[in-house]
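J.: Any chance you can model this:
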Amino acid sequence: MELANGLELMVRPFLWVGWSGLTDRSFPSYIVEFRERVGDRGKIVEWALQEAVLGHPSTTCFITHCGWSSHMESLSNGVPLPDESRIVLRYDIKKKVEELLSGKIIRDNALRLKGMARSSISKGGSSLVNLEHVVSQMKS
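T.: So this is what the prediction gives:
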């Protein structure tokens with residue numbers, strides 16, 4: 001509910017992907033009222049290909065549950081993300097998103113990390129070289 005209220009307070013367009021399969025039930029009942037309040041600026045779906053969403057040019061930040069693949073996909077697409085080790089309240093969500101979207105340094109750093117991630121998996125990059133080494137060791 002805090003996430004919904006934080007998204008509403010931001011007064012910005014958003015995509016909320018909330019997979020009900022994690023809880024074995026559909027979206028909570030407050031979602032219907034929430035959809036009415038945010039109108040056309042918010043889209044709520046149960047599933048989307050995360051890598052495609054993060055790679056889309058209109059994606060400016062990512063609020064995450066802090067899973068490993070979320071971090072790696074966000075990093076490799078140059079999308080900054082807010083995360084905390086506690087329950088984040090609605091005002092914190094609004095504040096963090098505003099900080100991310102108004103901070104040129106944060107965006108520049110995210111794009112720099114994107115370049116580093118991409119180069120590490122490119123031909124001659126450290127990650128690709130290490131992977132090739134592991135594969136060659138497994139073959140021998």
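
J.: low pLDDT regions in this structure?
T.: 19-28, 83-86 (pLDDT under 70).

J.: ok, which stretches of it are helices?
T.: Assigned by DSSP state H, the helices in the chain fall at 2-10, 30-38, 50-55, 68-76, 90-102, 104-121, 126-139.

J.: so which of those helices comes closest to P82?
T.: Among the helices of the chain, helix 90-102 comes nearest to P82, with 3.7 Å by Cβ to Cβ. From N, CA and C alone the C-beta is placed, and that goes for glycine too.

J.: which outside residues touch that closest one?
T.: Applying Cβ atoms under 8 Å, 6 or more residues apart in numbering, the contact partners of helix 90-102 are 2-3, 5-10, 12, 60-61, 63, 80-82, 84, 88, 106-107.

J.: Can you select the buried ones from the residues you listed in PyMOL?
T.: In PyMOL, this line selects whichever of the contacts of helix 90-102 come out buried by 16 or more other Cβ atoms under 10 Å:
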select buried, resi 5+6+7+8+10+61+63+80+81+82+88+107
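
J.: List the residues that contact the residue at minimal distance from the centre of the chain.
T.: The residue lying closest to the centre of the chain (Cα atoms, centre = their mean) is F62, at 3.2 Å. For F62, the contact set (Cβ under 8 Å, 6+ apart) comprises L54, S70, S74, V79, P80, L81.
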